[in-house]
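K.L.:
One predicted model, sequence on top.
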Amino acid sequence: MTLELRGITKRFGPLVANDRISLTVNEGEILALLGENGAGKSTLMNVLYGLYQADEGEILLDGAPLKMSGPGDAMAAGIGMVHQHFMLVPVFTVAENVMLGNEATGFAGTLDLDAARQRVREISQRFGFDVDPDALVETLPVGVQQRVEIIKALSRDARVLVFDEPTAVLTPQETDELMEIMRQLRASGTAIVFISHKLREVRAIADRITVIRRGAVVGEASPTATNAELAALMVGRPVELTVHKEPAQPGPEAFVVKDLRVVDDTGHTHLDGISFSIARGEVLGVAGVQGNGQTELTEAIMGLQSHVRGSIRLGEHELVGKSVRKVLDAGVGFVPEDRQVDGLVGGFTIAENLMLNRSHGKPFVSAGTIRNGYLEEFAQTKLVEYDVRASGIQAKASQLSGGNQQKVVVARELSRDLSLLVAAQPTRGVDVGSIEFIHKQVVATRDAGVPVLLVSTELDEIVALSDRIMVLYRGQVVGIVPADTPRETLGLMMAGERPEGTAA
Amino acid sequence: MSTNETEPAPVEEPAKDPQEPGRFDGVLREIVMGNAMVAVLSVLLAVVVGSLMILLTDENVRDTAGYIGARPSDFFSAVSTAITDAYSALFRGAIYNTNVEGFEGRIKPLTETLKFSAPLILAGLGVGLAFRAGLFNIGGRGQMLLAGAAAGWVGVGMDLPLVVHLPLAVVAGALAGALWAGIAGFLKAQSGAHEVIVTIMLNYVGYYLVFYALSKQGLLQAPGSLNPKSEPMPESVILPRLLGDRFNLHLGFVIALVAVGVVWWLLNRSAMGFRFRAVGENPDAARASGIDVGRTYITVMLIAGGLVGLAGVNQILGTATSGVTVDMDAGIGFDAITVALLGRSRPLGILAAGLLFGALKAGGFSMAAAEGIPVEIVLVIQSLIVLFIAAPPLVRAIFRLPKEATA
């Protein structure tokens, strides 16, 4: 069995998202599709899965062209997809989810749940999944939910499985388990397309690597290629992968969090009494799988959370109970985890976004009127200084690429006198070139004597930038460890295991 | 599935529209802020459809259609006569009347248009300003009624010289409108109560409140009267006529023009307007940037209500000075929504839309009088304009505009 994409072109208006892409994947083979965010990987897979119609080109299965007008056709042809964001109904059981869209019905349209249960058990056993067909999906850990997605695809006899950024939501251990599953699938003859932008994972699992940049295939690589080679292919120029930084020169403690609790209206505890401190000139990395209290921590610091108890002290100031504006005025710079929600006003120009949190007076406002001349000059300077690629300062933020949007946010936050920088997911969805730049800015901020709180779900980023690492699990601090702690240990801590010899 | 995945992820991707928190909001935003081309084409389409309706109601056209096979020329000349007559009557009623002697008489329709447009512009600004901050002010009617009642109360209840009395009445009206709308802003800020529901309900509350005041001796009801109506306004609070007594055009139009300028400055140049727009475009980012979203809602509604209130003042102290009634808003509170939509919530757009609707209003009467075309046809055209604006994809499909043409 061979699946071939031949000359696939997909356009969105004037944008060419996929430009004559051809690739082949064979039975019992893992093909990695490597590319930056926005390179066109997901578009290509959506074409393959029938969600988009290609403008040109064709899809061939064993040499015979496939006609696809929707996911139903793709499934019928034996193509399954494990989405980055799971397509599961949380309040349904595993068996119900697996049969959804492909319901076997008996007399008078009654659902044949037993058959579905049987199917789940059978597939679980074959791959050693250990999934209870009657468990509610919402009660399952993320890694298990992903297995349900896989079972769902396999239950429809998928012979080609597409994994779209499957490791984004997993702990390192869960990632390892997923890779083991992928190897088993390969051994059983399934063809796998593995989409990722993580070099380490791609090299670990792929048989062949196809690199996509700007919608076109720019090269093939073997898994023996080095990270640097792959990154260069992906970005189109040599990239500095390691962050160069001098050892930290921590000054006095400047930011102290004591017994911080966040319990929401429904009684759910997001932060369960966490304490830590950051010195001037030090980066504290907060590691953890998404959803373990990181969001609430940054919100609590910024005054965006209304259910905060405990103490957050920045120098002389107590921040708990302060409004966002007071917190900002105290010199806290904030790079929010989702720039499109909290960081930028998409309909505003770059210039307007650069003054977004400084509309209350000098230097941008005098006598209630915006000083357009000053703002333009300022924006022009920052555009150059932060290497924002845009048609000009009047370009709308929504028209920028992810990396350039993030540079605008970073430029705004670092243009003030800071006494603390809170950076949440500063490089999520950002191209490699911009990551490099933003990392340098974070280190420069630290070297200027500012305490930095860095929250990231990318362990690589945490390890590269942090001077100390705090691991959060279910709203609690598992431990605060030095930056040179082995990845395996960090991985275990992210799963909640308190390693020997570390103090909480 | 997050929007990230459904959206195309093209090369150098212009990242997914961040100002669209959801599909619903995105559609509303497009309707409220949509592009100028769609607005103009919507007017055009509405006129075309309106013309068809004029033809359908025209007796000559119907008669000649009966023997269209035998003498098609009769039918077509009837069609062209009906259309030409209708629109020339509209033109004579709204801009320049060629049928009367003397320049003053001929130009009078234009001044009528301006008179009709003043409250539409003022109330349109009030609705449009709220739109820009992400709020739907559907409470124009209640705000106008309260404002008119307050201005009327100052008017008939006090005896002061014009230089004091008139400004006082105007300010009282604007304040009443502001406070009435401010209730909705306050409730939204405090409890998240949806401003659409609250403003609609406040329309009823306002209506019956004013009705009560007008039916109660000692409050607003004219002494000795049984009708729910106040005394006529005294000279000292009546907005001066701009062009002498032969024309009805009064100072209200100047107030409207000034308001356009002020709102333009507010939205485009002031720090406060900057925060309004930030809250309207992305309340999350505004909040994370230290902007007090709740307080912004209150401020916006106060200013918006004040503007709508001025429309009420314009009616009571300028256009209908015979006294406060519960019908004084004359549908302007709702037409203002249309005006704001057509003007794309921008001050200059609202000025243009207000003038157009004022012209339709002035011309509609003469069209009805001269050609026997039901005056409702004007309402139909107005409604169609809104309908087309509310369906930008339809307009684009008809005129084959590309999607990218949006804002």
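P.N.:
Alright, I've got the coordinates. Numbering: from 1, shown residues only, chains lettered A, B, ... in the order given.
K.L.:
how far away is the residue nearest the centre of chain B from B:Gly142?
P.N.:
Nearest to the mean C-alpha position of chain B, counting by CA atoms, centre = their mean, stands B:Ala336 at 1.9 Å. Separation of B:Ala336 from B:Gly142 (CB to CB, to the nearest Å): 12 Å. From N, CA and C alone the C-beta is placed, and that goes for glycine too.
K.L.:
what do you get for A:Val82?
P.N.:
54 Å.
K.L.:
Would you mind telling me which of those two has more residues around it?
P.N.:
Legend: neighbour count by other CB atoms under 10 Å in any protein chain shown for A:Val82 and B:Gly142, higher for B:Gly142 (30 against 24).
K.L.:
measure that one to chain A for me?
P.N.:
To chain A, B:Gly142 is 30 Å away according to CB to the nearest CB, to the nearest Å.
K.L.:
Ok, B:Leu348 next?
P.N.:
Using CB to the nearest CB, we find B:Leu348 at a distance of 18 Å from chain A.
K.L.:
check contacts around the residue in the stretch 51-200 of chain B that chain A sits nearest to.
P.N.:
Closest approach between the stretch 51-200 of chain B and chain A, counting by CB to the nearest CB: B:Arg132, at 10.6 Å. By CB atoms under 8 Å, 6 or more residues apart in numbering or on different chains, B:Arg132 lies in contact with B:267, B:276-277, B:280, B:345.
K.L.:
which of those sit farthest apart?
P.N.:
Pairwise distances across these (CB to CB) peak at 11.1 Å, for the pair B:Phe276 and B:Ser345.
K.L.:
what sits in contact with each of these two?
P.N.:
Common neighbours of B:Phe276 and B:Ser345 (CB under 8 Å, 6+ apart) are B:129, B:132.
K.L.:
The two - which one has more neighbours?
P.N.:
Taking neighbours as other CB under 10 Å, B:Phe276 and B:Ser345 compare with B:Phe276 leading, 27 against 23.
K.L.:
Pretty sure that one sits against B:Val300.
P.N.:
Yes - using CB atoms under 8 Å, B:Phe276 is in contact with B:Val300, at 5.6 Å.
K.L.:
Tell me the residues that contact both of the two, please.
P.N.:
With CB under 8 Å, 6+ apart, B:Phe276 and B:Val300 have common neighbours B:129, B:133.
K.L.:
okay, now residue 183: neighbour count?
P.N.:
Chain wasn't specified; assuming chain A. Using other CB under 10 Å, A:Arg183 has 13 neighbouring residues.
K.L.:
nope, chain B
P.N.:
B:Ile183 has 21 nearby residues by other CB under 10 Å.
K.L.:
Secondary structure element holding it?
P.N.:
Element membership of B:Ile183 [criterion: DSSP states H and E] is helix B:162-191.
K.L.:
same thing with B:Thr64?
P.N.:
helix B:59-66.
K.L.:
one step back: quick one: mean pLDDT over the helix holding B:Ile183.
P.N.:
Averaged across helix B:162-191, the pLDDT comes to 96.
K.L.:
how about it against chain A, any contact?
P.N.:
No - residues of helix B:162-191 contacting chain A under CB under 8 Å from any CB of the partner chain: none, with a closest distance of 13.5 Å.
K.L.:
after that helix, next one along is what?
P.N.:
Next in line after helix B:162-191, if elements are assigned by DSSP H and E, sits helix B:195-214.
K.L.:
Buried residues, that next one. List them.
P.N.:
Neighbour-count burial for helix B:195-214, with 16 or more other CB atoms under 10 Å in any protein chain shown as criterion, is recorded at B:195, B:198-200, B:202-203, B:205-207, B:209-211, B:213-214.
K.L.:
for stretch A:125-134, same thing?
P.N.:
Residues of stretch A:125-134 classed as buried by neighbour count (16+ other CB under 10 Å): A:127, A:129, A:131-133.
K.L.:
quick one: contacts of it?
P.N.:
So stretch A:125-134 is contacted by A:93-95, A:98, A:116-117, A:120-121, A:123-124, A:144, A:147-148, A:150-151, A:181, A:184-185, A:188 (CB under 8 Å, 6+ apart).
K.L.:
contact partners of stretch A:409-422?
P.N.:
Contacts of stretch A:409-422 (CB under 8 Å, 6+ apart): A:254-255, A:278, A:298, A:301-302, A:314-315, A:330-336, A:339, A:343-344, A:353-358, A:378, A:382, A:385-386, A:388, A:426, A:438, A:441-442, A:445, A:450-453, A:455.
K.L.:
what about 7 Å?
P.N.:
By CB atoms under 7 Å, 6 or more residues apart in numbering or on different chains, the list of residues contacting stretch A:409-422 from outside reads A:254-255, A:298, A:301-302, A:314-315, A:330-335, A:339, A:343-344, A:353-354, A:356-357, A:382, A:386, A:388, A:438, A:441, A:445, A:450-453.
K.L.:
any chance you could read off phi and psi for the residue in the stretch 351-500 of chain A positioned nearest to chain B?
P.N.:
Relative to chain B, the nearest point of the stretch 351-500 of chain A is A:Asn357 (3.7 Å; CB to the nearest CB). Taking degrees, to the nearest 10, you get phi -100, psi 20 for the backbone angles of A:Asn357.
K.L.:
How much space separates the closest residue to it other than its chain neighbours from A:Thr427?
P.N.:
Spatial nearest neighbour of A:Asn357, chain neighbours left out: B:Ser289 (3.7 Å); criterion: CB to CB, 6 or more residues apart in numbering or on different chains. Applying CB to CB, the value for B:Ser289 to A:Thr427 is 21 Å.
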